[in-house]
Every structure is written in structure tokens, then in C-alpha cells.
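Engineer: Let's see this in three dimensions:
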Amino acid sequence: MVYTVRWGILATGWIAEKFAGDLLKDPSTRNTRDVAHVVAAVASSSGKDRAERFCRDLGISEACAIYGSYRELVNDTNVDIVYVASPHSHHFQHTMLALEGGKHVVCEKPLTVNAAQAKILYKTARENNLFLLDAVWTRFFPLSIQIRESIQKGEIGEVLRVIADTSFGIHPDIALKETPRKLTYELAGGALLEIGIYSLTWVFQTLYHTLPRDQRKRPSSILSYMNKYEPTGVDQTTTLLISFPTSTPSNLPNSSSHGVAMTAFAVATDPDQKNSAGPAIRIQGTRGEIQVYGPAFQPTRYKVIPAKKGDLATTIRDVELPFPANGHGMFYEADEAARCIRDGKLESETMPWDESILVMEVMDEVRKQGELKYPDSIESDVVQHSNK
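Structural biologist: Model prediction:
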């Protein structure tokens, strides 16, 4: 029996278009036959006209409700779950609005601006028996799942180091003109929260998440470098070194591991967009390494490279996993949300609440070291009710 969830789309920007477009893809094209999705309502704070245009451009059914305010959306009884796609500076307020409306929530990354806000959201979700997902879509890709399983099986031995980069190669002056939100101080802009979270995703999902839950340990050390974009004061380049008092998958006695997470606007991970510069992520173990190609947030190819053993020949395993139906890969996190709701789960084991909070705490520490604090109105963990 197919379990169908009815989605409400909160905000109508680029990321919402991609997510809603993926919801409309036939689930059978990705071999999904147990859950399905319906876009039941769309809301834009800019007004109903924008929401209508959003639906028209995507070919969403005329049965979809159209709203000019977010409050109307979360009060719609035909909506099961809300996808929060507003700027992350407003994620705390908008996710709380949805939870208070009795709706399950998938909120775009980063879930919040700081860990304090994330803790309140998860507490609220638990108290109201609602599912809440920090929508780090990359974690749900078959590619990511395969890589985590490879690590857990010990294919490259004990993993001790991960290097991950998410850098766009666009000068901040140009980025500010084309997408002002990404560098606007009042909207919690900057490389770390905007794109650096993907580098952190690879560090955490390989060095931390691949261990049994009771063996996962907080980082023992966080060191960082941050260079700010003078016109707005947000970070344009951030590099951090995270050390863990564990290794994976065996967590050997007296072991440790570390991840290097990099992000920048002005330089590029993949300058020619043909992967000529090599992998975006290198996962290095005692018996080889895994290289992940393509942007860190949306990779479709990886290699497993065994270490040389004397004169014995080694075989490189090269795997390509393109997204079916010309999708963007967001349907995988939507499928996960549907299954969790169906099964009465409040959190996904792939992106559990405690790990989501820990990632936010790491970014809090990096911002503290870089002396980057956003306006009190954005950092606040006080709920601000609004009719919009």
C-alpha cells in the first residue's frame, strides 16, 4: 500500500522550485513504490500572485491551495508536512510557526542560525509529537549511503582523515549583485552557513555517523580560519580542522581522526566544472581512500582506490549514480520524511536531532573564533509571531 503525504511549500524561491519539482517526479523512476507525494499548498510572503506563478511554472495541480501568507499555509488542514524554504535567517521563526500549527516539518539547511535555536525546535517537535528534519539532502543520496556502508564494512580500512571542499569560484562582489542573500549580514549570509555546511556534512557523515550511536564522540578540538568580506562583514572564506577522539569503523584504542572542511566564494572546488581538478572530497583510510567527484552538495560519482599491496595489482572501483528523471536528488529526503511519518518516527536516523545540534555547535564555535555574530534579531531564540 502506498503512503501519500501532502506537502505545503513555505516560500517560493529557487530551492523551493527544485524541491517541489522533485516531489512531482514519478517515484517509480527511483524504484520507490511505498510512498508518494502531493503538493497540496504553496505560500509566498510576497503575495498570492507569486505563489500562483510558482505553481503555474511547475505545472502543479489546480487543486493546490494558494496562499499569500505563511500562517494560512500552516493552518491548512489538508497539509501534513511543511517544507520550509525561506532564507535560513528565518528558519527558526518559520519552522516554529509550522510546528505550532501542528505540522511536521522538513526545513532547508542550515536548520537554524545557531544551536540554541535548533534545540528549541527539536524540543517543540518532541513535545508536540511531530516529525522534524534538518534537510541536508546530500545525506540521503544513494551515493552517500553506499559510501557510508563501504566505510562501515572496512573497505578502505580505518578512516583517519577526510578532506572536503565546497567553494563556488565567484567573486563576492558578483555574488552580492546576483544573489544578495548569500552575503547579507542581516540575513545571516556568509560562506560557512551558506555552503560550508556541506563540507561539514561530509566530515560528519564519514567520521562520526559511521560509528554506532553509542560510540560517537564530540570533536576534541576545533580550529578555524575565517576571512571576512569587508563590505558586509560576513565570511567569504572559512577553513576548519575538526579532531575526533575516535576512528571509524573499528574505533581502535587510543585512536583519533580529523576532518578538514573548507569553503569559499572566490575560489572554486571545480574550476572548469569538468572535475579536472580532482575530487571534492577525499576519505582516507589505512587501506585506501574514497574520492567523491562533483560539487559536495550534489555529487554523482565516486571512486574507491585500494592501497597498493606489494606487487599485487589493485582494482579501482568507479561508481556513477546520476539522479533519475532529471531530478535534483531532493526526492530522497522527501521519501525519508514520508516513511518516518508513516512509521510514527519523530526523527530520521540518517540525520538525527543530536547530530544536527552538534553540527550547529561546531559552526557556532567557528563563528565565535572568527568573531562573526549576526544581529540579535537573527540570533534570537525568542519566537516572534507574525501574520506573514
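Engineer: And the strands in the stretch 251-388 of the chain, which stretches?
Structural biologist: Ranges of strands within the stretch 251-388 of the chain are 257-264, 281-285, 288-293, 301-306, 317-320, based on DSSP state E, counting those that start in this stretch.
Engineer: And the average pLDDT for the last one is what?
Structural biologist: With pLDDT averaged residue by residue, strand 317-320 scores 97.
Engineer: Tell me where the model's unsure across this protein.
Structural biologist: Counting by pLDDT under 70, the ranges of the chain that qualify are 385-388.
Engineer: Can you point out the buried residues in the longest helix seen in it?
Structural biologist: For the chain, the longest helix by residue count, based on DSSP state H, is helix 353-369. Applying a neighbour-count criterion of 16 or more other CB atoms under 10 Å, one finds 353, 355-367 buried in helix 353-369. C-beta: built from backbone N, CA, C; applies to glycine.
Engineer: coming back round to it: okay if I get the strands of the stretch 251-388 of the chain as JSON lines plus mean neighbour count and distance to residue 64?
Structural biologist: Compiled in JSON lines, those are given as follows (neighbours: other CB atoms under 10 Å; distance: least, CB to CB, whole Å):
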{"stretch": "strand 257-264", "mean neighbour count": "23", "distance to residue 64": "36"}
{"stretch": "strand 281-285", "mean neighbour count": "24", "distance to residue 64": "38"}
{"stretch": "strand 288-293", "mean neighbour count": "21", "distance to residue 64": "37"}
{"stretch": "strand 301-306", "mean neighbour count": "18", "distance to residue 64": "36"}
{"stretch": "strand 317-320", "mean neighbour count": "13", "distance to residue 64": "35"}
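Engineer: Same list (those) but as JSON lines, adding distance to residue 330.
Structural biologist: Formatted as JSON lines, the entries for those read as follows, by distance: least, CB to CB, whole Å:
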{"stretch": "strand 257-264", "distance to residue 330": "21"}
{"stretch": "strand 281-285", "distance to residue 330": "20"}
{"stretch": "strand 288-293", "distance to residue 330": "19"}
{"stretch": "strand 301-306", "distance to residue 330": "19"}
{"stretch": "strand 317-320", "distance to residue 330": "19"}
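Engineer: Mind checking the ones you listed for the one nearest to residue 275?
Structural biologist: Smallest distance to residue 275 across the strands of the stretch 251-388 of the chain (CB to CB): 4.8 Å, for strand 288-293.
Engineer: which residues sit against that closest one?
Structural biologist: Under the criterion CB atoms under 8 Å, 6 or more residues apart in numbering, residues 143, 147, 150-151, 155-157, 202, 275, 278-283, 299-307 lie in contact with strand 288-293.
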